[in-house]
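A.B. asks: here is a sequence together with a model predicted from it:
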Amino acid sequence: MKYKVLRMAQRRAGESREEFVQRWRAEHPKKAVVSFATGEVALGGAESPFDGMSATYFPSEREARAAAEHFSGDIVMACDEHAMGQKPQPQIKLKIVRTVYRRRDLTPQQFKDYWLKNHSRLEDRVIAESPVQKIVATFALPEPGQDPAFDGMVELYFAAVDDIRAMFAGPIPAMMRKDEENFVQMDAPAVRVVCEELTL
């Protein structure tokens with residue numbers, strides 16, 4: 001598990017994608033992981049709520065929470081991150097970023113526990129049976145009296161665009177959606193955006 005500040009932002013009015021990428025990279029400290037939306041959304045997705053997303057890592061939850069107060073963006077959240085699995089030698093070019101909300105009858109901890117103890121078994125199958133190279137799950141650290149922008153986020157890594165299409169054409173998405181009914185609010189807005197990622 002890692003602690004991080006997740007930051008999402010849209011381009012400024014009149015700012016080109018290239019200008020945004022340059023600025024976004026310059027604004028982040030070394031070792032931050034930054035992702036840029038390609039403009040393409042994955043199956044079932046809505047328009048991307050961000051042009052850039054970053055993850056800046058911290059040694060403890062306390063430090064991540066404190067740092068989140070000094071970051072700016074359309075969405076800024078302290079989170080914890082869990083590596084859910086990967087192929088032995090992953091080849092990574094693109095990823096799908098998908099945000100989800102917990103089912104309304106579950107607490108944040110129940111939502112997280114189900115994902116890590118139950119849904120993770122299916123994610124192992126995804127790694128074994130599909131072109132997905134790596135899976136990372138992120139959970140919002142609850143703030144008393146505040147609702148986070150979302151409760152969880154999954155990043156699915158791929159070697160090529162054709163691999164994304166192949167995965168969605170197979171049985172994996174239906175299998176995952178069926179299990180998500182146990183812990184995800186299925187009628188919440190779907191954000192599924194394709195991104196490129198780099199480490200500064």
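C.D. replies: Good, I have the coordinates.
A.B. asks: where exactly do the helices run in the protein?
C.D. replies: Using DSSP state H, the helices of the chain run over 17-27, 61-68, 108-114, 120-129, 161-169, 172-180.
A.B. asks: nearest to residue 1, of those helices?
C.D. replies: helix 61-68 (9.6 Å; C-beta to C-beta). In this view, the C-beta of every residue, glycine as well, is placed from N, C-alpha and C.
A.B. asks: in JSON lines, list the helices of the chain along with mean neighbour count and mean pLDDT.
C.D. replies: Shown next, in JSON lines, are these (neighbours: other C-beta atoms under 10 Å; pLDDT from 0 to 100):
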{"stretch": "helix 17-27", "mean neighbour count": "14", "mean pLDDT": "88"}
{"stretch": "helix 61-68", "mean neighbour count": "16", "mean pLDDT": "94"}
{"stretch": "helix 108-114", "mean neighbour count": "16", "mean pLDDT": "97"}
{"stretch": "helix 120-129", "mean neighbour count": "14", "mean pLDDT": "96"}
{"stretch": "helix 161-169", "mean neighbour count": "15", "mean pLDDT": "90"}
{"stretch": "helix 172-180", "mean neighbour count": "14", "mean pLDDT": "94"}
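A.B. asks: export these to CSV and tack on distance to residue 198?
C.D. replies: Shown next, in CSV, are these (distance: least, C-beta to C-beta, whole Å):
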stretch, distance to residue 198
helix 17-27, 8
helix 61-68, 21
helix 108-114, 28
helix 120-129, 23
helix 161-169, 17
helix 172-180, 27
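A.B. asks: strands of the chain, start to end?
C.D. replies: In the chain, the strands defined using DSSP state E lie at 2-9, 33-41, 52-58, 75-86, 94-100, 134-140, 152-158, 191-199.
A.B. asks: now do the helix or strand bottoming out on mean pLDDT in the chain: everything it contacts.
C.D. replies: Least confident helix or strand, the chain: strand 33-41 with a mean of 83, by mean pLDDT, DSSP states H and E. Identification of contacts with strand 33-41 by C-beta atoms under 8 Å, 6 or more residues apart in numbering yields 17, 20-21, 24-25, 28, 47-48, 50-55, 57, 94-95, 97, 192-200.
A.B. asks: what about 7 Å?
C.D. replies: Strand 33-41 is contacted by residues 21, 24-25, 28, 47-48, 50-55, 97, 192-200 when judged by C-beta atoms under 7 Å, 6 or more residues apart in numbering.
A.B. asks: next one: stretch 73-80
C.D. replies: 1-10, 50, 64-65, 68, 138-141, 148-149.
A.B. asks: for PyMOL, write the select line for the buried members of those.
C.D. replies: Only the buried entries of the contacts of stretch 73-80 go into this PyMOL selection, using 16 or more other C-beta atoms under 10 Å:
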select buried, resi 3+4+5+6+7+8+9+10+50+64+65+68+138+139+140+141+148+149
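A.B. asks: before we move on, back to that, just the buried ones out of the contacts of strand 33-41, please.
C.D. replies: Neighbour-count burial (16+ other C-beta under 10 Å) is assigned, among these, to 21, 24, 28, 48, 50-55, 97, 192-195, 197.
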